[in-house]
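Asker: structure of the sequence below:
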Amino acid sequence: MDRRNFLKTASGFALLAAGTATGISRVFAGTPSSPAKGNMPDGENMERRRLGALDVSAIGLGCLPMVGYYGGKYDKRDMIALIRRAYDRGVTFFDTAEVYGPYTSEEWVGEALAPFRDKVKIGTKFGFGVEEGRPTTLNSHPDHIRRAVEGSLKRLRTDHIDLLYQHRVDPAVPMEEVAGTVKDLMQEGKVLHWGLSEASARSIRWAHAVCPLSAVQSEYAIWWREPETKIFPTLEELGIGFVPYCPLGRAFLTGVINENNRFYEGDRRWNLPQFTPEALKHNMPLVALVRKWAERKGVTPAQFALVWMLSRKSWIAPIPGTTNPAHLDDLLGAGTVRLSAWEMEEFDREYAKIDLMGHRADPFTESQIDK
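Answerer: Next up is the predicted model:
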């Protein structure tokens, strides 16, 4: 029995406890989470995509929720098993950052992927003052970048980072200095590819001119489509890939959240404008639209949210996150279904009739997003 088949058998039972009924897992718990019949990925059959010159699985795994970002506390062994389950299902693209925890996510990702490090791509990030004990303050000074990268390499148990992002553009540090520092790290072999997160088209061009970018990561989902007009033309022109985070709308698009849900401090959604009681009630027509199209395509709403995204551009590779093995299997079931061009147009016509309420970020988070 090869390693993949062994994991399918041996890890299945241990993973059942991983989806503790808190945070994202609690929100998903009320609905069927198994993937649509016939859509289950089978190891090596996962579609591959290119982010610049970087080859990755079409669907990656975001490893932020595992540290309790949406509430709850998760067992290290369960999360390591979940990451390995993703690899077993064909995922080769894993996303983390030093600030997630801080440090915890990188440590777990490093341990989980160590047995097959050369077969996967790890993306991590610098840009907050974690090394200086100020994890909410922007810091992309060259000396900080080097400290951050050395720390990430150690926690990830590797000698290179496949994709290193600047987590947020730092207005106090010229982009030329940031890109030049990363270029030096690439020449030293410590970084193979690099990217930006939540960057404007202007910053993307400045960075790319100094050291070519492979990817840009930003929030993007059916209900938050700003990147389409703000940066997609630039990415397409320069041949840069796009990595959407929160592609399920922080679980809203899965259909398991309704106007009666309330979120409290400790859950990232507690102060987001899209998750106020008024916004939740106002935005329910979008959930109905996603559900209708999911039924039409024979997939779950969560799968449809990813299918919609994967169908838009060939250079998009989303990184949904989860703490639950059944939900992971569901998400990866989106890998075999696509929308035709006319279906995309039809969906957009229906979508355009829906009036959405609420911004995606709280004021402090918004203040750190490059415009």
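Asker: lowest-pLDDT helix or strand in the protein?
Answerer: Ranked by mean pLDDT, DSSP states H and E, the weakest helix or strand in the chain is helix 23-28, scoring a mean of 35.
Asker: tell me the helix or strand right after that one.
Answerer: strand 48-51 (DSSP states H and E).
Asker: that following strand pairs with which strands?
Answerer: Strand 48-51 has the following sheet partners, assigned by DSSP bridges: strand 54-57 (antiparallel).
Asker: now do the next helix or strand along the chain from the strand it pairs with: which elements does it pack against?
Answerer: Scanning the chain past strand 54-57 towards its C-terminal end, the next helix or strand to appear is strand 61-62 (assignment: DSSP H and E). Packed against strand 61-62, as judged by 3 or more Cβ pairs under 8 Å, 6 or more residues apart in numbering; DSSP states H and E, are the following elements: strand 93-95. For the C-beta atoms, the positions are set from N, CA and C on the backbone; glycine is no exception.
Asker: helices along the stretch 51-200 of the chain, start to end?
Answerer: 76-88, 104-113, 142-155, 175-187 (DSSP state H, counting those that start in this stretch).
Asker: same list (these) but as CSV, adding distance to residue 222, mean neighbour count and mean pLDDT.
Answerer: Rendered in CSV, the data for the helices of the stretch 51-200 of the chain read as follows (distance: least, Cβ to Cβ, whole Å; neighbours: other Cβ atoms under 10 Å; pLDDT from 0 to 100):
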stretch, distance to residue 222, mean neighbour count, mean pLDDT
helix 76-88, 23, 21, 98
helix 104-113, 26, 23, 98
helix 142-155, 32, 18, 98
helix 175-187, 31, 19, 98
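Asker: which one of the ones you listed lies closest to residue 272?
Answerer: Closest of those to residue 272 is helix 104-113, at 20.8 Å (criterion: Cβ to Cβ).
Asker: show residues contacting that closest one.
Answerer: Contacting residues not belonging to helix 104-113 are listed as 63-64, 66-67, 76, 79-80, 83-84, 87, 94, 96-98, 100-101, 120, 122, 124, 152, 155-158 [Cβ atoms under 8 Å, 6 or more residues apart in numbering].
Asker: how about a cut-off of 7 Å?
Answerer: Residues outside helix 104-113 that contact it (Cβ atoms under 7 Å, 6 or more residues apart in numbering) are 63-64, 66-67, 76, 79-80, 83-84, 94, 96-98, 120, 122, 124, 152, 155-158.
Asker: where does this structure dip in pLDDT?
Answerer: Low-confidence segments of the chain, defined by pLDDT under 70, are located at 1-44.
Asker: show me where it has strands.
Answerer: Taking DSSP state E as the test, the strands found in the chain are 48-51, 54-57, 61-62, 93-95, 121-126, 128-129, 134-138, 161-166, 191-197, 215-219, 241-245.
Asker: let me have those in TSV, extended by distance to residue 354 and mean neighbour count.
Answerer: Supplementary listing: these in TSV, determined by distance: least, Cβ to Cβ, whole Å; neighbours: other Cβ atoms under 10 Å:
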stretch	distance to residue 354	mean neighbour count
strand 48-51	29	19
strand 54-57	31	21
strand 61-62	26	26
strand 93-95	30	28
strand 121-126	33	27
strand 128-129	35	20
strand 134-138	34	14
strand 161-166	32	26
strand 191-197	28	24
strand 215-219	19	24
strand 241-245	20	24
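Asker: contact partners for residue 243?
Answerer: In this structure, residue 243 makes contact with 51, 215, 217, 317, 319, judged by Cβ under 7 Å, 6+ apart.
Asker: measure it to residue 276 for me?
Answerer: Taken as Cβ to Cβ, to the nearest Å, the spacing of residue 243 relative to residue 276 amounts to 28 Å.
Asker: now swap in residue 310 and tell me
Answerer: As for residue 310, its distance to residue 276 is 30 Å (criterion: Cβ to Cβ).
Asker: turn the helices of the stretch 51-200 of the chain into JSON lines, including distance to residue 336.
Answerer: As requested, these are arranged in JSON lines below (distance: least, Cβ to Cβ, whole Å):
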{"stretch": "helix 76-88", "distance to residue 336": "16"}
{"stretch": "helix 104-113", "distance to residue 336": "25"}
{"stretch": "helix 142-155", "distance to residue 336": "33"}
{"stretch": "helix 175-187", "distance to residue 336": "35"}
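Asker: closest one to residue 270 among the ones you listed?
Answerer: Nearest of these to residue 270, taken as Cβ to Cβ: helix 104-113 at 20.6 Å.
Asker: residues near residue 304, how many?
Answerer: As a burial measure, the neighbour count of residue 304 was computed by other Cβ atoms under 10 Å and equals 29.
Asker: burial check on the nearest residue to it once chain neighbours are set aside, number of neighbours?
Answerer: Once its chain neighbours are removed from consideration, residue 304 has its nearest residue in residue 294; the separation is 3.9 Å (Cβ to Cβ, 6 or more residues apart in numbering). For residue 294, the number of neighbouring residues by other Cβ under 10 Å comes to 23.
Asker: which of residue 310 and residue 276 has more residues huddled nearby?
Answerer: Between residue 310 and residue 276, counting by other Cβ under 10 Å, residue 310 is the more crowded of the two (22 against 17).
Asker: mind listing what the more buried one touches?
Answerer: Shown here is residue 310, whose contacts under the criterion Cβ under 7 Å, 6+ apart are 58, 316, 334, 338.
Asker: list the contacts of the last one.
Answerer: Pointing back at residue 338 there. Taking Cβ under 7 Å, 6+ apart, one finds 307, 310-311 in contact with residue 338.
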